[in-house]
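Colleague: would you be able to build a 3D model of this:
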Amino acid sequence: MRSTESKPPKPDSRSSVPELPAVVRRAVEIQGRDPSDVWAPIVLAKHAGSHGERLVLLGAAVQAGLRRWFPERAARAVAWWDEPETRPFMTAVYLFGHQCAAMGRRDDAAACVKQLLDLDPQDRIGACDLAAAAGLIPDAAAGKAASVMM
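Modeller: Below you'll find the predicted structure:
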């Protein structure tokens with residue numbers, strides 16, 4: 001006896017895989033062409049499927065920045081957040097620290113706070129925000145510290 005229920009159609013393998021956003025496709029292309037690019041892994045991390053994958057991608061962005069900017073720039077006085085060429089590296093350190101904090105890796109987040117302050121002691125807002133996210137200082141203290149430093 002045949003069932004009268006209709007079976008669902010088999011999914012088309014091409015349509016079951018979602019299309020990647022254009023920005024992700026472009027980041028993959030740039031990363032393949034220029035492994036020293038810092039923005040590409042940051043973009044890919046934003047679209048990562050897991051905390052672990054995001055951490056690896058942001059770590060890759062930090063490493064790319066270290067290879068690109070050290071020791072040449074570290075020896076000079078540079079406003080790291082203000083200079084467009086070095087801003088992606090500072091962003092990578094900041095985001096990597098936040099990801100470490102989200103995963104409970106407090107020591108790694110603290111190291112990122114230190115690196116942000118070592119590189120640009122005049123800009124402490126990002127460092128205070130990251131320190132608060134990592135539980136290194138209370139949120140209220142971060143807000144007070146940021147307002148005092150402005």
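Colleague: which other residues reach the lengthiest helix in the chain?
Modeller: Selection of the longest helix in the chain by residue count, based on DSSP state H, yields helix 51-69. With contacts defined as C-beta atoms under 8 Å, 6 or more residues apart in numbering, helix 51-69 is touched by 35-42, 44-45, 48, 86, 88-89, 92-93, 95-96, 99-100, 102-103. Every residue, glycine included, has its C-beta placed from N, CA and C.
Colleague: please pick the buried ones from those.
Modeller: With burial judged by 16 or more other C-beta atoms under 10 Å, the buried subset of the contacts of helix 51-69 is 37-42, 44-45, 48, 86, 88-89, 92-93, 95-96, 99-100.
Colleague: show the contacting residues for the residue nearest to the spatial centre of the chain.
Modeller: For the chain, the residue nearest the mean C-alpha position is residue 95 (3.7 Å; C-alpha atoms, centre = their mean). When contacts are counted by C-beta under 8 Å, 6+ apart, residue 95 is found next to 42, 45, 58, 61.
Colleague: can I get the helix or strand it falls within as CSV, trimmed to CA atoms?
Modeller: Assigned by DSSP states H and E, residue 95 falls within helix 87-102. Output in CSV follows, covering the C-alpha atoms of helix 87-102 (Å, rounded to 0.1, in the frame of the first residue of the first chain):
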residue,chain,number,x,y,z
ARG,A,87,44.6,52.1,13.0
PRO,A,88,43.8,48.6,11.6
PHE,A,89,46.5,47.1,13.9
MET,A,90,45.2,48.9,16.9
THR,A,91,41.6,47.7,16.0
ALA,A,92,42.9,44.1,15.8
VAL,A,93,44.5,44.3,19.2
TYR,A,94,41.4,45.9,20.7
LEU,A,95,39.0,43.3,19.2
PHE,A,96,41.3,40.4,20.0
GLY,A,97,41.3,41.6,23.6
HIS,A,98,37.5,41.7,23.6
GLN,A,99,37.3,38.2,22.2
CYS,A,100,39.7,37.0,24.9
ALA,A,101,37.5,38.6,27.5
ALA,A,102,34.4,37.1,26.1
